[in-house]
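In: coordinates for the following, if possible.
(one chain, ligands or ions: 1)
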Amino acid sequence: MMIIDFLRDTVSSFFYLLVTPFCAHCREWLYDRQRVLCNKCTAMIQPVVSVDLEITKTYKITVHALSAYREPLRMLIQSKRFGDRIAAYDLGRLLWQLTYFNHLTCDYLVPIPLHWTRYARRGFNQAEEMAHELGNRRQVPVAKLLKRVRKTEFQAQLDKESRSENVQGAFMLDVADPSLYAGKHLILIDDLMTTGATLKEAARLLRTLKPASITALVACRVI
Ligand SMILES: [Zn+2]
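Out: Got it, this is the predicted structure:
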């Protein structure tokens, strides 16, 4: 079954990239094949205010987002099949162009990891691809400091309380030299924030590296 899925996704991505350069939302013809949304649909993206997420009673991180979790971006977040890497790059480009990212102090971009079984199914981690796109544009390294040690249920299928329990202990630090990150400015990257439980758990671990700051940047936030 997995091989059939793999072949189907590979074939569909091949056609998507080579044969159908259309806007992913309105199907308008796209002249720039590195993009997935046309200018009209890009202009439909509704900005969303940044929020503070409480990590402990005395420590908060700010979460910046490109948009609320609605169209035209929702379908890009959901397009996590093997061939939709281009959507991840384009989300990175939009984060670069339309958010506060350029004004944030940043030494390392830290993507939220996927469990390896999901990585194997999908072929890539959307958060990581977004981080690479942002890192290339800003000349900042991507540091994969977190490792998912436990496969969690998809957050969207759980209620609020279960989401927090679901991610507890889901990650561990994967850092060869912790001294590299002490006093540095880290930006967590993810595609979607629902309750914030995942970002909280990630920030809680990164804090033990004693960074100067932790900020989060996500493509969409559920509001
Ligand atoms: Zn469009």
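In: so what's the nearest residue to residue 107 once chain neighbours are set aside up against?
Out: Closest residue in space to residue 107, ignoring its immediate chain neighbours: residue 184 at 4.0 Å, by Cβ to Cβ, 6 or more residues apart in numbering. No exception for glycine: its C-beta is placed from N, CA and C like everyone else's. Counting by Cβ atoms under 8 Å, 6 or more residues apart in numbering, residue 184 touches 107-108, 211-212.
In: please redo it, this time with the cut-off set to 10 Å
Out: Contacts for residue 184 (Cβ atoms under 10 Å, 6 or more residues apart in numbering) come out as 105-108, 143, 209-214.
In: try residue 58
Out: Neighbours of residue 58 in contact, by Cβ under 10 Å, 6+ apart: none.
In: what about it, distance to residue 43?
Out: Shown here: residue 58 relative to residue 43, a distance of 41 Å by Cβ to Cβ, to the nearest Å.
In: returning to that earlier point: now the buried members of the contacts of residue 184.
Out: Those of the contacts of residue 184 that meet the buried threshold are 106-108, 143, 209, 211, 214, by 16 or more other Cβ atoms under 10 Å.
In: where does the nearest residue to residue 25 once chain neighbours are set aside land on pLDDT?
Out: Distances taken as Cβ to Cβ, 6+ apart place residue 72 nearest to residue 25, at 3.8 Å, with adjacent residues excluded. At residue 72, the model reports a pLDDT of 90.
In: just give me the neighbour total for residue 72.
Out: Other residues near residue 72 come to 21 when the count uses other Cβ atoms under 10 Å.
In: and it, what does it touch?
Out: 23-26, 36-38, 40-46.
In: mind redoing it with 8 Å?
Out: Contacts of residue 72 by Cβ under 8 Å, 6+ apart are 24-26, 37, 41-42, 44-45.
In: what residues does the chain have near the ion?
Out: For the chain, the contact set with the ion under Cβ under 5 Å from the ion comprises 23, 25-26, 28, 38, 41.
In: narrow these to those in helices?
Out: Under the assignment DSSP state H, the residues of the chain next to the ion contribute residue 41 to helices.
In: how about a markdown table for the residues of the chain next to the ion, with pLDDT added?
Out: What follows is the residues of the chain next to the ion, written out as a markdown table (pLDDT from 0 to 100):
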| residue | pLDDT |
| --- | --- |
| 23 | 87 |
| 25 | 85 |
| 26 | 89 |
| 28 | 87 |
| 38 | 90 |
| 41 | 93 |
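In: no further queries at this time; thank you.
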